[in-house]
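Chemist: 3D model of this:
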Amino acid sequence: MSVYLLGLSTILDRSYRLAMDLELRHLRMVCTIAETGSLTKAAASLGLAQAALATQLGRIERGLGGPLFERDRNGARPTPLGELILARARVLLPAVDDLHAEATRLTDAGQAALSFRIGATNGPIMGGLVHRLTTAYPEATVTTQTNWSEEDLADMVFARKLDYALVGACGDATPTPYGVTWRPVSVDAVWILMAEQHPLAGRAEVALGDLSGARWANAPGDGCFIDCFAEACAKAGFTPRQILESDPIGCLDLVLSGAAVLLCQGISRPPPGTVLVPLAGTPLRWRHLLGWHPESPAAIRAPRC
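Modeler: Residues are numbered from 1 along each chain as shown. Model prediction:
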């Protein structure tokens, strides 16, 4: 394998090195678009909204300095730049998959004790998952890590660097499969977290349109939640004034200062100085999903999670 990869590195000429800032999942997206011949079919194959795939493709093309596909009513055809990237990706991706498989076999052979490696985006049910695993397997070692990107977590599960990924998706969306099996764990209504002194804090519920003048806080992520939020706002008759992105602590600080309101799951105990108010009509829902590699030991233990 090492000799093969060394030879592979000589194939990656100067033109391909323009793509080295891309991640493997981006190359898989490009290959899927080429294989299916259209963004619509590729989005369905990847389990993505077509708009989300188009946005990702636009970012890839901007990073490479030119379009990868010519798109019209008949579908999507690779440009010369697209053909170049596809040729390199079709060599690189199988080689990386082989490398992951060999590394996994070596790692599995050296693991004597049962362990669970869990990666999660920001969400309120990590504690419940850890509790279930440690109860079902008291001898196991459980480790956790956070990553804002559900796609990064999916890649790590597929590469068997993680046993499980715990992610969220809005509405009926499903994370990009990338060879990962996803199972819904729960569905929560999206509520509003606001400061106690906010003028709407005393209401039993608030309509989304009542917050048309608000600034919004949001934690980072690569899913379609912002697009779904913008669509819900459009149905309520307004465009969001401003979205301030920060980590959870920063978002809470923005809420406490009165500078913004925050979209979140209906956690039972809001932080001191804040209140949780449900949105009338539940215009937004958040689904928690657990993912694992279908051929890993984690797949056998998934029903007990």
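
Chemist: For the most centrally placed residue in the chain, which non-adjacent residue is closest in space?
Modeler: With distances taken as CA atoms, centre = their mean, residue 150 lies nearest the centre of the chain, 2.4 Å away. Of all residues not flanking residue 150 in the chain, residue 167 sits nearest, at 4.1 Å (CB to CB, 6 or more residues apart in numbering). Using the backbone N, CA and C atoms, a C-beta is placed for each residue, glycine as well.

Chemist: quick one: the residue nearest to the centre of the chain from residue 119, how far?
Modeler: Residue 150 sits 10 Å away from residue 119, going by CB to CB, to the nearest Å.

Chemist: Which helix or strand contains the residue nearest to residue 150?
Modeler: Using DSSP states H and E, residue 167 falls within strand 164-170.

Chemist: Give the rounded mean pLDDT of that strand.
Modeler: Strand 164-170 shows a mean pLDDT of 87.

Chemist: And the pLDDT for the residue nearest to the centre of the chain?
Modeler: 82.

Chemist: Pretty sure residue 63 sits against residue 22.
Modeler: Yes - using CB atoms under 8 Å, residue 63 is in contact with residue 22, at 6.8 Å.

Chemist: ok so, going back, distance check, the residue nearest to residue 150 against residue 151.
Modeler: According to CB to CB, residue 167 and residue 151 sit 9 Å apart.

Chemist: Neighbour count: these two, which is higher?
Modeler: Legend: neighbour count by other CB atoms under 10 Å for residue 167 and residue 151, higher for residue 167 (27 against 22).

Chemist: From the chain's centroid, how far away is the host helix or strand of residue 117?
Modeler: Element membership of residue 117, judged by DSSP H and E, is strand 115-120. Here the centre of strand 115-120 is set off from its chain's centre by 16 Å, with CA atoms, centre = their mean, to the nearest Å.

Chemist: Report all helices and strands that that strand contacts.
Modeler: helix 126-136, strand 141-146, helix 150-158, strand 164-170 (3 or more CB pairs under 8 Å, 6 or more residues apart in numbering; DSSP states H and E).

Chemist: please redo it, this time with the cut-off set to 10 Å
Modeler: Under the contact criterion of 3 or more CB pairs under 10 Å, 6 or more residues apart in numbering; DSSP states H and E, strand 115-120 touches helix 126-136, strand 141-146, helix 150-158, strand 164-170, strand 285-292, helix 297-301.

Chemist: Which of those sits closest to residue 272?
Modeler: Closest to residue 272 of those, according to CB to CB: helix 126-136, at 19.8 Å.

Chemist: And the helices in the stretch 151-300 of the chain, which stretches?
Modeler: Applying DSSP state H, counting those that start in this stretch to the stretch 151-300 of the chain gives helices spanning 225-235, 248-256, 297-301.

Chemist: Compare residue 63 and residue 22 (neighbour count), which wins?
Modeler: Shown here are residue 63 and residue 22; by other CB under 10 Å, residue 22 has more neighbours (17 against 12).

Chemist: Contact partners for that one?
Modeler: For residue 22, the contact set (CB atoms under 10 Å, 6 or more residues apart in numbering) comprises 29, 30, 59, 60, 63, 64, 85, 89.

Chemist: quick one, longest helix in the chain?
Modeler: helix 80-110 (DSSP state H).

Chemist: how about that one: buried residues?
Modeler: Neighbour counts over helix 80-110 (16 or more other CB atoms under 10 Å) mark 81, 82, 84, 85, 86, 88, 89, 92, 100, 104 as buried.

Chemist: now swap in stretch 134-147 and tell me
Modeler: In terms of neighbour count (16+ other CB under 10 Å), stretch 134-147 has its buried residues at 142, 144, 147.

Chemist: Wait, residue 147 touches residue 156, no?
Modeler: Yes - here residue 147 lies in contact with residue 156, judged by CB atoms under 10 Å, at a distance of 7.8 Å.

Chemist: Overlap of the contact sets of these two?
Modeler: Shared contacts of residue 147 and residue 156 (CB under 10 Å, 6+ apart): 119, 162, 165.

Chemist: how much space between residue 188 and residue 262?
Modeler: In this view, residue 188 and residue 262 are 14 Å apart by CB to CB.
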